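A.B. asks: Make a model of this:
(4 chains)
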There are 2 protein chains.
Amino acid sequence: MAQTPDSPTKARKDAASGMKRAPILARRPLHEEVLAQLRDMIVEGDLAAGDRLNDAKLSEMLAVSRTPVREALKLLAQEGLVELLPRRGARVLALSEKAMGELLEVICGIERLAAELAADRMSQDQLDHMERLHARMQQRFAAGDRKQYFKLNHEIHLLLVQAACNDALIALHASLLTRVRRGRYAALLAHDRWAEAMTEHEELMAALRAHDAERAGIVMAGHVKHTREALHRALVS
Amino acid sequence: MAQTPDSPTKARKDAASGMKRAPILARRPLHEEVLAQLRDMIVEGDLAAGDRLNDAKLSEMLAVSRTPVREALKLLAQEGLVELLPRRGARVLALSEKAMGELLEVICGIERLAAELAADRMSQDQLDHMERLHARMQQRFAAGDRKQYFKLNHEIHLLLVQAACNDALIALHASLLTRVRRGRYAALLAHDRWAEAMTEHEELMAALRAHDAERAGIVMAGHVKHTREALHRALVS
DNA sequence: TCTGGTCATTTTGCATGCAAAATTCAAAAA
DNA sequence: TTTTTGAATTTTGCATGCAAAATGACCAGA
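C.D. replies: Model (predicted):
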């Protein structure tokens, strides 16, 4: 197990002894806290795929009782980050290449929809913001600074989804991204198609500027297709 | 509250006394059972939007302890069927017209993607099956039998998503449908565009037969647009 | 050595206990 | 009459207890 028990003994003592926590009102519910922590640990790779998640150990680690831990595990299972084997506990779910490809396919579809809606609904402010991000991304691209390029690329995608003015879409997109961001696949994909993607972004910006939903959709639809192909190439090689 | 306590007293007694349950191995986990039950009660309208969900009462009603009930409520909250107000319990979430419209928009996007993928990947068996469903639906349409028409319509949509051969897509679609199926909106929408939708289905079938992904996508994209408009009409009137 | 079986230990799933927060309701004050 | 206060009650969130199931250690016999 790739866990990091930063002093289980102390943690246990904190929980077991009557040591006062901050007033409940001032805190978020514990299960939320635990959920966020576990999610981070999985996304960051502290808990590797296949690791067994023992609720007693986790509760010791996080200095809470088993109840909120178990609640968080069930939520993580619904999010698709862990699997719950009845009577056999929870494991970090290993995303197969197949599952990863499927998720990416869905995400691309979502982003295409977002692009179409955004073309209609985007505010001038948002468009300006995106222009700025895009310009900076071009600079980083020209400079060969991959890290910043990808960061800006990600910000643009988030902004695109926000600009669609659909809260359900935003939430869904975020949730799917969490699942995909784990492991090596994201990087694997991201580092392909470095130049091609730049052109596509250019076209997307043009469509958004013109508030041309159809064109934005077509551009992103191409993105769907290219991404699928890139994924396939990456996985076969 | 629109609950249906089919003898709370007896239920309580069952839970409280040492009365044996079926062996655990033979059962699904209780929280799953409870989750399914509560979900049904919400979708069926037994628990109306705005109803307060008191875990003690629910646990009495379902003859289980509060723990699995609370777990189920948290899962329902993540599914978007209830909201969890910290320290103030759970309520059945009232879907605003805005939220409902957003959900439908996302579902339409998902189904469009499904149509495109299905055009590529659908097996001959699935296509045949869909042809049969479609033929029956035409009959019911001609006969003016709305109820069966909608049932078949729904089956076709499910099959379409399945034919996309993407498990993530299938799961996502199912989850979104659950949220939308509640309340009066589904019917409200379904009963509009009765004839127009028939034509669109015709076109979709043609595209699928030809394995023409692009055409299938375009047809469903039109569906997105028309559905949005229909929703708008329905809500304004 | 390998197989199968028994028993001790650990882990899981659920029930329940308990303190803090929220709600209610009645009586007092404005 | 309306508002305020505050004590009693209910509800929530978490901790913990406990029985059933799973795991693993050990040993006997093939």
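
A.B. asks: What parts of chain A come near chain B?
C.D. replies: Counting by C-beta under 8 Å from any C-beta of the partner chain, the residues of chain A lying close to chain B are A:24-25, A:28-29, A:31, A:67, A:70-71, A:74-75, A:78-79, A:86-87, A:99, A:102-103, A:105-106, A:109-110, A:112-113, A:117, A:166-169, A:172, A:217, A:221, A:224. Glycine gets a C-beta too; all of them are placed from N, C-alpha and C.

A.B. asks: A:T199: neighbour count?
C.D. replies: 11 (other C-beta atoms under 10 Å in any protein chain shown).

A.B. asks: ignore the last one, A:F141
C.D. replies: A count of nearby residues for A:F141, using other C-beta under 10 Å, gives 19.

A.B. asks: So it is in contact with A:M198, correct?
C.D. replies: Yes: with the criterion set as C-beta atoms under 8 Å, A:F141 and A:M198 qualify as a contacting pair; they are 5.5 Å apart.

A.B. asks: related to what we said a few turns ago, could you write me a PyMOL select line covering just the buried ones among the residues of chain A next to chain B?
C.D. replies: Buried residues within the residues of chain A next to chain B, as defined by 16 or more other C-beta atoms under 10 Å in any protein chain shown, are selected in PyMOL through the command that follows:
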select buried, chain A and resi 31+67+70+71+74+75+78+79+99+102+103+105+106+109+110+112+113+117+166+168+169+172+217+221+224
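
A.B. asks: restrict the residues of chain A next to chain B to those near DNA strand D?
C.D. replies: Among those, the residues lying close to DNA strand D (C-beta under 7 Å from any atom of the strand) are A:I24, A:P29, A:H31, A:T67, A:R87.

A.B. asks: so what's the third one up against?
C.D. replies: To tie it back to what came earlier, the one meant is A:H31. Under the criterion of C-beta atoms under 8 Å, 6 or more residues apart in numbering or on different chains, the contact partners of A:H31 comprise A:T67, A:P68, A:E71, A:A72, A:L75, B:K74.

A.B. asks: distance of the residue nearest to A:L169 when sequence neighbours are not counted from A:L35?
C.D. replies: In space, not counting the residues next to it along the chain, A:L169 is nearest to B:V106; the distance is 5.5 Å by C-beta to C-beta, 6 or more residues apart in numbering or on different chains. Spatial separation of B:V106 from A:L35 under the definition C-beta to C-beta, to the nearest Å is 24 Å.

A.B. asks: And the contacts of the host helix or strand of A:M205?
C.D. replies: In this assignment (DSSP states H and E), A:M205 forms part of helix A:194-209. Defining contact as C-beta under 8 Å, 6+ apart, one finds that helix A:194-209 is touched by A:115, A:118-119, A:122, A:127, A:130-131, A:134, A:137-138, A:141, A:146, A:149, A:153, A:156, A:160, A:213, A:215-216, A:218-220, A:222-223, A:226.

A.B. asks: 7 Å - rerun?
C.D. replies: Contacts with helix A:194-209, where a contact means C-beta atoms under 7 Å, 6 or more residues apart in numbering or on different chains, come from A:115, A:118-119, A:122, A:127, A:130, A:134, A:141, A:215-216, A:219-220, A:222-223, A:226.

A.B. asks: Enumerate the residues of chain A near DNA strand C.
C.D. replies: For chain A, the residues in contact with DNA strand C under the definition C-beta under 7 Å from any atom of the strand are A:23-25, A:52-56, A:66-67, A:70, A:84, A:86-90.

A.B. asks: Cross those residues against helices and list the overlap.
C.D. replies: Per DSSP state H, helices hold the following members of these: A:D55, A:A56, A:R66, A:T67, A:R70.

A.B. asks: residues contacting the second one?
C.D. replies: By C-beta under 7 Å, 6+ apart, the contact list for A:A56 reads A:R66.

A.B. asks: For it, give its distance to A:V64.
C.D. replies: Taken as C-beta to C-beta, the spacing of A:A56 relative to A:V64 amounts to 11 Å.

A.B. asks: where does the residue lying closest to A:L152 once chain neighbours are set aside land in three-state SS?
C.D. replies: Here the nearest residue to A:L152 in space, its sequence neighbours aside, is A:M137; by C-beta to C-beta, 6+ apart that works out to 4.0 Å. Using DSSP: H, G, I helix; E, B strand; the rest coil, the secondary structure recorded for A:M137 is helix.

A.B. asks: Let's see the pLDDT reported for A:D14.
C.D. replies: In this model, A:D14 is scored at 40, pLDDT.

A.B. asks: Thanks again, I'm all set now.
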